[in-house]
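>>> give the three-dimensional model of this entry:
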Amino acid sequence: MRMRQHVLVPAEPAVPRAAPAGTEAVVVGGGIAGVSAAVVLAERGVAVTLLEAAPTLGGRLGAWPHTLSDGTEQVVEHGFHAFFRHYYTWRALLRRIDPELSFLRPIGGYPVVSREWPAEDLTGLPAAPPFNLMALFARSPSLGLRDLLGSDQRRAAELLAYERRRTTALYDDVAAADFLAGLGMSDRAQAMLFEAFARSFFARPAELSAAELIAMFHYYFLGNPEGIGFDAPATDYLTCIWAPFQACLERQGAQVRTGSRALAIAPAAGHSWQIDVAGESPLVTRHLVLATEPGALRELVAASPDLASVAPRLVRLAAGIAVAPPFAVSRLWLDADVAAARPTFSAVSREPTLDSITVYSRLERPSQQWAAQTGGAVVELHSYACDAADARTATERMHTELAALWPETADARVLDRLERLEATAPTFPPGSARNRPQVTGAARGIRLAGDHVGTPFLSGLMERAAVTGVLAANDVLAEVGAGPEEIRGGPQRGLLAGLLPGSRR
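Numbering: from 1, shown residues only. Predicted coordinates:
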């Protein structure tokens, strides 16, 4: 029952590490997946051109300058992200720009808060099952003996028995909400321990595959050698991640083109691909990595009519990609601080709109400096599957719900706000596993990467983006005779895998 890292893709030191001279590749998309692919390829000697439509790198982890009404310069992001300690691939890539990961700081607790019930804190539990579950039952105010005895124990055992093929076969067509309801636990336990977790994947539980929920519960909780704790950058993402990555790539000879939008793809001579770029000359490459957001991939392929005859599988997969409901991110600069006892990050349960709260003025330096000068606070509010009509409506609703949870914010004046409502995240609805795109196999010479792309082993969110980027780079390297980049991960099967009906022993 001792959990540890596993080498999922070995480095193969007997195979040449460097790619042959003259190897080139084009990567479309400069988020985590695209930069991960570009970094691995560039350091192996591949001539990489990285295209990013936005003015800065980062995708949903992107950041950009913003001027407040008082003239203060800030850098803002698409939203807070948790850098979990079992994101081995993503952290290995981040070590290229900061070998000690000195820009990351522990956040502290991971409470789930509610108007109805006391907060739950999921940190500090043992890492290995079943001890983490035993400790959770022992200390959780939401889980009691009645929940344990009254639950559907066979269904609850599925959380401990994750096994990719079996779990997918049995539960991919089941909605996560139905699976959770079938556990038979109290409404409080469902709300505080499961529903808030499910919504963090940009989906309402009724619209998320139960197989994906079980997989992610294993990945983040039951099969996580590092425990549920996570870190976050001590300053803005542009300063500590994306500017250093761009400099790293350019030192390796890569061309990083921000503000360059790929318009269409077409086959070219010599088993190559032509990429049409807005306002620029077309690019031609034998090795193409498409590392865009899921909706952008769907639009790019739809705008490429020549693909229908030469890459029908890619066309079919791209057309079927599901995009999550819009998510809202509202950052508020308040004229008063929040209570001293408030945690830096809180998940929120059972509010109509608000799903999480991050106190940025306790998180990263630019916000800390602004708060110190003004006596205020910088608070970011998230709604992961938002049904508001627009960003302003989402902000107003989340602000009202924040005041109900944290009454001291009710009278705080909003000095500045930055609000976004966008639909760029992937989602995994019931029945979607059979049609999920994979890194390879869609078309010769084209690799797909991003957190919407399936992997042969378990990963999630930022780590899935990084893993698919490295897998895409590895496939390019394999084609030209170079060895792969090593990939590590946690346990790929649950504690009870192989013991339940339908298991493969």
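>>> can we go C-alpha only for contacts and neighbour counts from here?
Will do.
>>> let me see the ranges of the helices in the stretch 101-250 of the chain.
Remark: helices of the stretch 101-250 of the chain, listed N- to C-terminal, are 131-139, 145-150, 153-157, 164-171, 176-182, 187-189, 196-199, 210-217, 237, 243-251; assignment by DSSP state H, counting those that start in this stretch.
>>> need the single longest helix in the chain, by residues.
When every helix of the chain is counted residue by residue (DSSP state H), the longest turns out to be helix 461-479.
>>> buried residues, that helix. List them.
Burial within helix 461-479, assessed by neighbour count using 16 or more other CA atoms under 10 Å, is assigned to 461-477.
>>> can you check stretch 236-247 too?
Applying a neighbour-count criterion of 16+ other CA under 10 Å, the buried positions in stretch 236-247 are 236, 237, 238, 240, 241, 242, 244, 245, 246.
>>> what sits against residue 118?
Under the criterion of CA atoms under 8 Å, 6 or more residues apart in numbering, the neighbours of residue 118 are residue 141.
>>> what angle separates the longest helix of the chain from helix 210-217?
90 degrees (axes from the mean of the first three to the mean of the last three CA atoms, to 10 degrees).
>>> and helix 461-479, C-alpha only, in PDB?
The C-alpha trace of helix 461-479 is given here as PDB (Å, rounded to 0.1, in the frame of the first residue of the first chain):
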ATOM      1  CA  LEU A 461      -6.000  19.300 -15.900                       C
ATOM      2  CA  MET A 462      -2.600  21.000 -16.300                       C
ATOM      3  CA  GLU A 463      -0.700  17.700 -16.000                       C
ATOM      4  CA  ARG A 464      -2.800  16.200 -18.800                       C
ATOM      5  CA  ALA A 465      -1.900  19.200 -21.000                       C
ATOM      6  CA  ALA A 466       1.800  18.800 -20.200                       C
ATOM      7  CA  VAL A 467       1.700  15.000 -20.700                       C
ATOM      8  CA  THR A 468       0.000  15.200 -24.100                       C
ATOM      9  CA  GLY A 469       2.600  17.900 -25.200                       C
ATOM     10  CA  VAL A 470       5.500  15.600 -24.200                       C
ATOM     11  CA  LEU A 471       3.800  12.600 -25.800                       C
ATOM     12  CA  ALA A 472       3.400  14.600 -29.100                       C
ATOM     13  CA  ALA A 473       7.100  15.600 -28.900                       C
ATOM     14  CA  ASN A 474       8.100  12.000 -28.200                       C
ATOM     15  CA  ASP A 475       6.200  10.800 -31.300                       C
ATOM     16  CA  VAL A 476       8.100  13.300 -33.500                       C
ATOM     17  CA  LEU A 477      11.400  12.200 -31.900                       C
ATOM     18  CA  ALA A 478      10.500   8.500 -32.500                       C
ATOM     19  CA  GLU A 479       9.800   9.100 -36.100                       C
END
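>>> helix or strand right after it?
Of the helices and strands lying after helix 461-479 in sequence (DSSP states H and E), the nearest is strand 487-489.
>>> tell me the mean pLDDT for that following strand?
Averaged across strand 487-489, pLDDT comes to 96.
>>> give the pairing partners of that strand; include direction for each.
The pairing partners recorded for strand 487-489 under DSSP bridges are strand 6-9 (antiparallel).
>>> list the contacts of the partner strand.
Judged by CA under 8 Å, 6+ apart, the contacts made with strand 6-9 from elsewhere in the structure are 457, 484, 485, 486, 487, 488, 489, 490, 491.
>>> and the strands in the stretch 401-505 of the chain, which stretches?
Counting by DSSP state E, counting those that start in this stretch, residue ranges of the strands within the stretch 401-505 of the chain are 414-422, 446-448, 487-489.
>>> same list, these, but as TSV with mean neighbour count and distance to residue 355 please.
Below are the strands of the stretch 401-505 of the chain laid out as TSV (neighbours: other CA atoms under 10 Å; distance: least, CA to CA, whole Å):
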stretch	mean neighbour count	distance to residue 355
strand 414-422	17	14
strand 446-448	26	30
strand 487-489	20	28
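>>> using a markdown table, lay out these together with distance to residue 303.
As requested, the strands of the stretch 401-505 of the chain are arranged in a markdown table below (distance: least, CA to CA, whole Å):
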| stretch | distance to residue 303 |
| --- | --- |
| strand 414-422 | 21 |
| strand 446-448 | 16 |
| strand 487-489 | 34 |
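>>> what's the closest of the ones you listed to residue 77?
strand 414-422 (9.8 Å; CA to CA).
>>> ok, back up a step: nearest to residue 270, of the strands of the stretch 401-505 of the chain?
Smallest distance to residue 270 across these (CA to CA): 14.0 Å, for strand 446-448.
>>> give me the helices and strands touching the closest one, please.
Counting contacts by 3 or more CA pairs under 8 Å, 6 or more residues apart in numbering; DSSP states H and E, the secondary-structure elements packed against strand 446-448 are strand 288-290, helix 461-479.
>>> to residue 78, which of the ones you listed lies closest?
With CA to CA as the measure, helix 461-479 is the member of the helices and strands packed on strand 446-448 nearest residue 78 (13.7 Å).
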